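Q: just to be clear, the model below is a prediction. Sequence and coordinates:
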Amino acid sequence: MPRHLSEGDIEGLVRAIDTLAVATWDAVVRLARQRLGHAYSRQSLSRHPRISDALAARRKRLRQERPGRQPRPATESEAVLLDRVEYLKAEIARLKADNEAMMAQFAIWSYNTHVLGIPDDRLDAPLQPVNRNYSEDAT
């Protein structure tokens, strides 16, 4: 049975999805098996919104690109640089989509705090320190 995906695993998969030539769930499952060493089902991977969103963004980007005639790179280093540029473009597009989703979530939170009457000074208050002292009874 495969282990649960950690935040690092999910982040690695999301970054790798940006490089897929074919954006399908089968490709994501194969990618997860290669990168993580475990066989995950499509359903278990699709439960993670970041993975689903990354795949949807990659599909959208591939549809918009419409592959035309692209010149072949003259050297191996030029090919590596072109691949890097494509990866960075995909990462920028994914980060922009993530930022838009976070801004939408922030707008919802802002509205809800206004409706509930939570004052700004309470929202800006620092986090309470964590009390890690064990009780006297536990010893």
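A: Nice, I can see it.

Q: below-threshold pLDDT in this structure: ranges please.
A: 1-2, 66-70, 134-139 (pLDDT under 70).

Q: run through the helices of the chain in chain order.
A: 7-17, 25-36, 42-46, 49-65, 76-116, 120-123 (DSSP state H).

Q: now for the fifth one, which elements pack on it?
A: In terms of contacts (3 or more Cβ pairs under 8 Å, 6 or more residues apart in numbering; DSSP states H and E), helix 76-116 is packed against helix 49-65. All C-beta atoms are positioned from the backbone trio N, CA, C, and that covers glycine.

Q: could you dump the helices of the chain to a markdown table with mean neighbour count?
A: A markdown table is the format used below for the helices of the chain (neighbours: other Cβ atoms under 10 Å):
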| stretch | mean neighbour count |
| --- | --- |
| helix 7-17 | 16 |
| helix 25-36 | 15 |
| helix 42-46 | 14 |
| helix 49-65 | 16 |
| helix 76-116 | 12 |
| helix 120-123 | 9 |
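
Q: turn those helices into TSV, including distance to Arg132.
A: Below are the helices of the chain laid out as TSV (distance: least, Cβ to Cβ, whole Å):
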stretch	distance to Arg132
helix 7-17	23
helix 25-36	33
helix 42-46	34
helix 49-65	31
helix 76-116	29
helix 120-123	25
